[in-house]
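Participant: Sequence and predicted structure, then a few things I'm wondering about:
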Amino acid sequence: MPSSLKKPVLIDRFGRTVDYVRISITDRCDFRCVYCMSEEMTFLPREQILNLEEIFLLAQCFTELGVGKIRITGGEPLVRRGALELLHKIGHLPLLDELVMTTNGSQLSNCADQLKAAQVSRLNISLDTLKADKFTQLTRTGDLSVVLKGIEAAIKTGFKRIKLNAVILKNRNDDEVVDLVNFALKSDIDISFIEEMPLGIISSHDRAEAYYSSDDIKADLDKHFSLEKISETTAGPSDYYRIAGTTTKVGFISPHSHNFCSTCNRVRLTVEGRLLLCLGNEHSIDLKAVVRDSKNDVNLIKEAIIQSMDIKPEKHEFNLKEQPLIMRHMSSTGG
Ligand code: SAM
Ligand code: SF4
């Protein structure tokens, strides 16, 4: 059922309707991107994370509470065993409007078709650089050629839309923003540039020193492309432009320079089953405990989700110059 016909159930104290949930299905990943993880990571033991049945049950409860869009993310969602079957089940939930996924692209050449069959309609694929050596530096373990093949396979499969996500760091990959847009143009896909967020302790660089703002990126792009502002809003954090005369959209996700909290329509389910009400705050409820203590009682689970709306914070505060207040990495949160 289209969300416009649904009666909103999840409304917070500030009158915002929550109709979008991001679910992290694993904290593990085959990459170790410098802005996301430290080189040595300790991952959660199996009993501490939601099992696939619990994730499905929660997804079902959300759709019955008016949530029309679910994004599956991680860590790298496609490294979790059983991920494709889970996606297939969630994708066929009768009240869901849209299932989308964020991936690093490393597994796509093997499973793009299966994702389409699972009803995944749109993909966000992370790509920060087109230089092979830089790619290995930024991801620590990744191989650019594998990801490029994955992107190609996804394009051939014919998803409704594919978007690249690029985190831009000063003096690492800020010189590539024009090349990345040209790549998106050539491939007839979209691209969003993301300002790095201070989530978790990382070892590779000083986040304040590497900060490269959306305004800087936009200024670089304006020298080469004609960017037309798109007025339609997705209620998301991206500010969108279209490259004149093309179908390619360029988004800017700017948690530092442009606060997007007033239109926030989303919550996140972490891999440990915490329902996180805001990416930049720790306000959360322990849904795993509710699921396990209630022995999967959907009424109690739904009641807990409705109650959680009372603690959704008004906005986030990120400060790059201080130690991160948020100790969780993006990978366990679900970016
Ligand atoms: N592994 C998948 C991927 O990389 O696309 C999905 C999970 S990843 C955590 C989701 C998105 O978060 C990616 O686009 C990644 O670039 C972004 N990300 C990770 N850490 C970030 C940070 N500290 N600041 C901003 N974006 C970050
Ligand atoms: Fe893995 Fe995605 Fe984090 Fe990179 S950004 S380390 S690919 S979870």
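Facilitator: Noted; the coordinates are in hand. Ligands and ions are numbered 1, 2, ... in the order given.

Participant: Is there a neighbour count for whichever residue of the stretch 51-200 of the chain sits closest to ligand 2? I'd like the number.
Facilitator: In the stretch 51-200 of the chain, the residue that lies nearest ligand 2 is residue 104 (3.5 Å; CB to the nearest ligand atom). Quick note: C-beta positions are derived from backbone N, CA and C, even for glycine. If you count neighbours by other CB atoms under 10 Å, residue 104 ends up with 26.

Participant: Next, the contact list for residue 307, please.
Facilitator: For residue 307, the contacting residues are residue 285, by CB atoms under 8 Å, 6 or more residues apart in numbering.

Participant: Check whether the helix or strand harbouring residue 122 comes near ligand 1.
Facilitator: Using DSSP states H and E, the element containing residue 122 is strand 120-126. Yes - against ligand 1, strand 120-126 shows contacts by CB under 6 Å from any ligand atom at residue 126.

Participant: Pull the residues that contact that strand.
Facilitator: By CB under 8 Å, 6+ apart, the list of residues contacting strand 120-126 reads 33, 72, 87, 91, 98-105, 108, 115, 147, 150-151, 154, 159-167, 192.

Participant: Which of these fall within strands?
Facilitator: Judged by DSSP state E, strands contain the following of the contacts of strand 120-126: 72, 98-103, 161-167, 192.

Participant: buried sites along stretch 211-221?
Facilitator: Using 16 or more other CB atoms under 10 Å as the test for burial, stretch 211-221 gives 211-214, 216-218, 220-221.

Participant: cool, and stretch 280-292?
Facilitator: 280-281, 284-285, 287-288, 290-291.

Participant: So is the helix or strand following the strand holding residue 122 next to ligand 1?
Facilitator: Sequence-wise, the next helix or strand downstream of strand 120-126 (DSSP H and E) is helix 132-139. No - contact of helix 132-139 with ligand 1 (CB under 6 Å from any ligand atom) is absent, the minimum separation being 8.8 Å.

Participant: What about the ones in strands among the contacts of strand 120-126, which one has the most neighbours?
Facilitator: Going by other CB under 10 Å, residue 72 tops the ones in strands among the contacts of strand 120-126 with 29 neighbours.
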